[in-house]
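S.K.: Need the 3D shape of this:
(chains A, B, C and D)
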There are 4 protein chains.
Amino acid sequence: MDYKELAAAARGNMGPWCKACPVCDGRACGSHMPGPGSKGTGTVAARNFAAWQDVRVQMDTIHEAYDADTSVKLFGRRLSVPVMIGPLGDVRLHYGDKWEMEDYNSCILHAAADAGSLAWTGDGKIASIHESAVHDIRDLGGCGVTTIKPWDLETVMRKLELALTARPVAIAMDIDAAGLPFLKGLQPPAGPKSVAELQQVADACHAHDTPFVLKGIMGGRAAHKAAETGADAIVVSNHGGRVQDGVPATAEVLPAIEREVGGDLKVLVDGGIRSGLDVFRALALGADACLVCRPFAVVTYGAGAEGVKDYFAQLTRELRDTMEMCGARTVADIGPEMLA
Amino acid sequence: MDYKELAAAARGNMGPWCKACPVCDGRACGSHMPGPGSKGTGTVAARNFAAWQDVRVQMDTIHEAYDADTSVKLFGRRLSVPVMIGPLGDVRLHYGDKWEMEDYNSCILHAAADAGSLAWTGDGKIASIHESAVHDIRDLGGCGVTTIKPWDLETVMRKLELALTARPVAIAMDIDAAGLPFLKGLQPPAGPKSVAELQQVADACHAHDTPFVLKGIMGGRAAHKAAETGADAIVVSNHGGRVQDGVPATAEVLPAIEREVGGDLKVLVDGGIRSGLDVFRALALGADACLVCRPFAVVTYGAGAEGVKDYFAQLTRELRDTMEMCGARTVADIGPEMLA
Amino acid sequence: MDYKELAAAARGNMGPWCKACPVCDGRACGSHMPGPGSKGTGTVAARNFAAWQDVRVQMDTIHEAYDADTSVKLFGRRLSVPVMIGPLGDVRLHYGDKWEMEDYNSCILHAAADAGSLAWTGDGKIASIHESAVHDIRDLGGCGVTTIKPWDLETVMRKLELALTARPVAIAMDIDAAGLPFLKGLQPPAGPKSVAELQQVADACHAHDTPFVLKGIMGGRAAHKAAETGADAIVVSNHGGRVQDGVPATAEVLPAIEREVGGDLKVLVDGGIRSGLDVFRALALGADACLVCRPFAVVTYGAGAEGVKDYFAQLTRELRDTMEMCGARTVADIGPEMLA
Amino acid sequence: MDYKELAAAARGNMGPWCKACPVCDGRACGSHMPGPGSKGTGTVAARNFAAWQDVRVQMDTIHEAYDADTSVKLFGRRLSVPVMIGPLGDVRLHYGDKWEMEDYNSCILHAAADAGSLAWTGDGKIASIHESAVHDIRDLGGCGVTTIKPWDLETVMRKLELALTARPVAIAMDIDAAGLPFLKGLQPPAGPKSVAELQQVADACHAHDTPFVLKGIMGGRAAHKAAETGADAIVVSNHGGRVQDGVPATAEVLPAIEREVGGDLKVLVDGGIRSGLDVFRALALGADACLVCRPFAVVTYGAGAEGVKDYFAQLTRELRDTMEMCGARTVADIGPEMLA
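M.R.: Model prediction:
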């Protein structure tokens, strides 16, 4: 099934907030939370989506015929395609009762691994979510990325210790999570972290030869601080607009951030990436790989692991087509000179 | 209650013009006066609102956790938040019979003071409005700003003399009021004032150690003349579009005006500021503080002093969130480098 | 009555094409001819209107109070306001049976003169239109501008000879009229004219001390040729979009044309000017005066000479207000520095 | 009949996909294939159309009267107008049962020749389409352009050999055809071609004194490679958006491509050209001639050869009008200085 069919199949299976739109463009969900809505005026998710549409690719079909290679090496591992499944913190709350968080994580971890890629697991208020995700990643020989929220440092370290036992491909922290309305006033509190605190987290990861990723970087200042922490990668992300209203689209800030820290760090990006063409655009603007999140929730509600498989196949096919139509033989060939 | 709920509560209580929209964006009221409509094509208020939306903030959550301090010092007084309630001249005419001007002023003066901020009172054709506002401000130990319209100088001086007896935080004049259609042909007439005339007004204020503010400055030429008058502050304002059609949004002219006279004068701004995020934007573009006007009328029609309290709390919460998400510890930290 | 009321009154009196919209913005009439529609895609008239809306004025009310003087000297005559009624060639065909061309011209000539300004009369296929207009202008002591279409030179000279007997304020030629669909294939033919031919026309006018105006100039190349012909003035005009699709708005090309030939020629402008604010914008962009055409047809169908009088009064009032709100004492004060 | 009438006549005669809109702007067909929809988000065809609308022409009617000459010399032959009918690969599939591909090609070849211009024939899966088109072109003394898809080189050479027997005006290859969804997985496969391969094709054409054209060039890199192959002309084309989503409009890339290779190659363009005004725009941006495709399908479904004749007449009339209104006597006069 293609994405439109998977979204159609999801419609009966979802809660009232996500409409499983044929194109997941952030408009129907608006500003409603619970649900996948973005914060305040509810316009950031739509802006994320729209910004990719404004990036024009340069067609060039005068070259030898080849089968483009969509694979990419990341964190010492080869992915079949530069797309990973982004983390969700509470799929049941925002997308509906059909899936418990633990089952959802298990499903996407296995399906992403089967597709030759990775899923990132989210972190939430309930301890079992993290524990269960760690368990699944361990079963998969580490094939997954564990995200930990920016709780107080003691909690972070405790969760980190557990996570490292699974030897995951990487550990991530969504450093922007303090802006999530439903994290306000929780115990333990989630909040900003200083460079010094994050250095401790990065050091602990590195002690286990595990890369550390900071997710939620939207400007040069934060990117430089991320580099100072010793992180191995950042995700240019505004959390789908859910943590702060009035921020730019990720596509708008990606090129400048890549120019500033791309020599030192891997630069990943998320936000409104919906097709293999969008993946090509992100790579041409400087990203090493992408995270796609909400559409994977939709396809999982639509058809479970089969949905994940089909959507990975579609993204791969679309990326390969675009590469062949623009003259890229490998992912490394994709650069700004392939834009129009 | 949040603003949407307060607006919903206001709907049954208002006259036919203001629709108490969930987002007060100047579109539904159009060009209709009486009512909060703007002049001519009725597009300036909507442009004011839209211009803030185009100002993008730069997220940065890699920093120590702190409780951001939203307070600001203005006119020798500390406000809990850099937001004051803007002046209305005839709330009954434009918003409906539920509130008389005198009672409205009394309500917002007390509620703003309770919230740690200030209300500005308007001036109208009927003498009792000004007199009653002065009386209320005197009762509050001067906690309020009295606005006087640009009548003939004799009338201004008479009203000023009365106003100064209350020792208000400041005296303001909406120097652009001559453009209000419903002031045309009145006796005494309201109209432009020369630098020499305004110097007399400023001098009279200063003789009582009271700051003088010129409201309705929209360009460098007028801003320099305002500085010449000896005024202590200006409000970058187009009167919500009600005095002249075809003018820019206040957010569009604020940065240049601040560069020109910001070293000499306090620069305040109003027009379409609806959220704590918008307040952050205004401060990042160079404002020292903001005035918010129509939404306070809506919340007062919705829930009286409770509405004012709740909306102040919401603006403060949103500003604090944005400060923490962008790395500002105090209001003084908010500058153009926090924009994207 | 204001324009909206006059347009409402016109609605029952007009033919099927013009909708007498509350704001005459070129959208409802689209591309339909007969009717006031513009050519091809029918978008040029709307673009004319929209371009003025994008010109922002700079408010400045810190100045002495005065009654702004809206008068302007043009062609050796003082007009009460820098607005003249533009020419129509066939009011009955395009606006409806209520008015014959001859009666319409007579009405607007007298009403414009009464308002202290001028009407321009159009030229059409039927000889009596021109003859009758010349007759009326003669009765008014020359108070009017006679437009002659760019027929073959012999016809032009014959019509010119007659027109000059009325000693009109000026003679104009709409040099772009060849693009009018309903002039195609007529005898005598209307078409482009060379500089040499137009010099003959200008010379004939000057022999009678009558200024000659070329209407329909949209670029620097044509403006320079117009200067070569000896014309005294040009009208920056695209004929309301009726002669060529895909051209810019007049407001877009006015400033460059004024810079190129404004030192040698009077520069007038038309196209989408609907309010005194728009007149101010045109003058600030370099025009010496404006022509307004369609709205005068609407108000004439709505209320005859009374409509013309009321609309002139409205335009004058709006221009005076804008002048006072922007610090212009006389029309000569209005320049680009009054834009924002 | 004009285009609107021809489109109205087509409506009952077409399949379910094309709506035969009064203005063929790529919006109603969206992304649906079969049908004329464009790929992915289905926005490229609409962008092609819109980009021409943003090109403004500069009116200049101060010149001698003349009958503008719309003819152009291309491939050693004089065309009555710089417009040719673009190739379709499967008219029955995309536009409906009324026309078989062979009959359609025959109709447009003869009607274009009668109009003093040329039709380009498409190439498809079924051998008889190509064979039949070659047969018709031979009957017309070579008056047509044969398009061959980028099949494997052996197939191309076989088809080329047959095509050359008709001594067509030119041979073209739509080098971007690999992106057509319905060509995926066919035998023989269609795909990109290297410079070396295309040199063989060009050489084979030149051996028969026949020009070779590469269609589907959208950037400087591909244009330079096209020049290297020895091709005589390129068509700046994105295949109406059907081969790759996210590409620019052809009008957006035409000027840069013309600057880069226009000295060495003829530069043709297609995509959203719908009127003689659009043809003028394309020539002013640097094109030597245009291809118009879908509208000719619509008029053929509407009225067969009569429809083709009428639409050619309309395009010619509109181009001539625009030339006369902008001061171009011949097609060679049309250049960027005629834009505003």
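S.K.: Only C-alpha atoms from now on, for both contacts and neighbour counts.
M.R.: Fine.
S.K.: So which residues on chain A come close to chain B?
M.R.: When proximity is defined as C-alpha under 8 Å from any C-alpha of the partner chain, chain A approaches chain B at A:175-176, A:178-179, A:191-195, A:217-219, A:221-222, A:225-226, A:244-248.
S.K.: Ignoring the adjacent residues along the chain, who's closest to A:K4?
M.R.: A:P22 (4.9 Å; C-alpha to C-alpha, 6 or more residues apart in numbering or on different chains).
S.K.: Likewise for A:A112?
M.R.: That would be A:L118: by C-alpha to C-alpha, 6+ apart, it lies 5.0 Å from A:A112.
S.K.: surely the one you found meets A:N105?
M.R.: No: in this structure A:L118 lies outside contact range of A:N105 using C-alpha atoms under 8 Å: 11.3 Å.
S.K.: show me what contacts the residue in the stretch 51-200 of chain A positioned nearest to chain C?
M.R.: Residue nearest to chain C within the stretch 51-200 of chain A: A:D54 (24.1 Å; C-alpha to the nearest C-alpha). Contact analysis of A:D54 by C-alpha atoms under 8 Å, 6 or more residues apart in numbering or on different chains lists D:G246.
S.K.: State the pLDDT value of it.
M.R.: Note on A:D54: pLDDT of 97.
S.K.: what residues does the stretch 101-250 of chain A put near chain C?
M.R.: Checking the stretch 101-250 of chain A against chain C by C-alpha under 8 Å from any C-alpha, there are no hits.
S.K.: What segments of the stretch 101-250 of chain A are strands?
M.R.: Applying DSSP state E, counting those that start in this stretch to the stretch 101-250 of chain A gives strands spanning A:120-121, A:145-148, A:170-174, A:212-217, A:233-236.
S.K.: quick one: average pLDDT of the helix or strand following the last one?
M.R.: The helix or strand immediately downstream of strand A:233-236 is helix A:250-261, counting by DSSP states H and E. Over the span of helix A:250-261, the pLDDT mean works out to 98.
S.K.: if we can go back for a sec, ok, and which of the residues of chain A next to chain B reach chain D?
M.R.: Near chain D, judged by C-alpha under 8 Å from any C-alpha, there are no entries from these.
S.K.: Which of these fall in helices?
M.R.: Cross-referencing the residues of chain A next to chain B against helices under DSSP state H gives A:V195, A:R221, A:A222, A:K225, A:A226.
S.K.: Among those, give me the pair with the biggest separation.
M.R.: Pairwise distances across those peak at 12.0 Å for A:V195 and A:R221 (criterion: C-alpha to C-alpha).
S.K.: can I get the strands of the stretch 101-250 of chain A in CSV with mean pLDDT and mean neighbour count?
M.R.: What follows is the strands of the stretch 101-250 of chain A, written out as CSV (pLDDT from 0 to 100; neighbours: other C-alpha atoms under 10 Å in any protein chain shown):
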stretch, mean pLDDT, mean neighbour count
strand A:120-121, 98, 29
strand A:145-148, 98, 28
strand A:170-174, 98, 25
strand A:212-217, 98, 29
strand A:233-236, 98, 27
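S.K.: So for B:D288, which of these sits nearest?
M.R.: Using C-alpha to C-alpha, the strands of the stretch 101-250 of chain A put strand A:212-217 closest to B:D288, at 28.3 Å.
S.K.: Tell me which residues are up against that closest one.
M.R.: Under C-alpha under 8 Å, 6+ apart, the answer for strand A:212-217 is A:170-176, A:201-202, A:205-206, A:223, A:226, A:231-239, B:59-60.
S.K.: Buried residues, stretch A:22-31. List them.
M.R.: Using 16 or more other C-alpha atoms under 10 Å in any protein chain shown as the test for burial, stretch A:22-31 gives A:C24, A:D25, A:G26, A:R27, A:A28, A:C29, A:G30, A:S31.
S.K.: cool, and stretch A:109-122?
M.R.: Neighbour-count burial for stretch A:109-122 [16+ other C-alpha under 10 Å]: A:109-113, A:115-122.
S.K.: what does stretch A:251-268 give?
M.R.: Residues of stretch A:251-268 classed as buried by neighbour count (16+ other C-alpha under 10 Å): A:251-258, A:260-262, A:265-268.
S.K.: Just the CA trace of it, in CSV.
M.R.: Taking C-alpha atoms only, stretch A:251-268 is exported to CSV below (Å, rounded to 0.1, in the frame of the first residue of the first chain):
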residue,chain,number,x,y,z
ALA,A,251,14.6,23.6,6.3
GLU,A,252,15.1,27.3,6.8
VAL,A,253,17.8,27.0,9.4
LEU,A,254,19.4,23.7,8.3
PRO,A,255,21.9,25.2,5.8
ALA,A,256,23.4,27.8,8.2
ILE,A,257,23.7,25.2,11.0
GLU,A,258,25.4,22.7,8.7
ARG,A,259,27.8,25.4,7.6
GLU,A,260,28.7,26.2,11.2
VAL,A,261,29.0,22.8,12.8
GLY,A,262,28.7,20.3,10.0
GLY,A,263,32.5,19.7,9.9
ASP,A,264,32.4,18.6,13.5
LEU,A,265,29.1,16.8,14.0
LYS,A,266,26.6,14.7,12.1
VAL,A,267,23.6,16.9,11.3
LEU,A,268,20.3,15.2,11.2
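S.K.: How about that stretch and chain D, touching?
M.R.: No: Stretch A:251-268 does not reach chain D (C-alpha under 8 Å from any C-alpha); its nearest approach is 14.6 Å.
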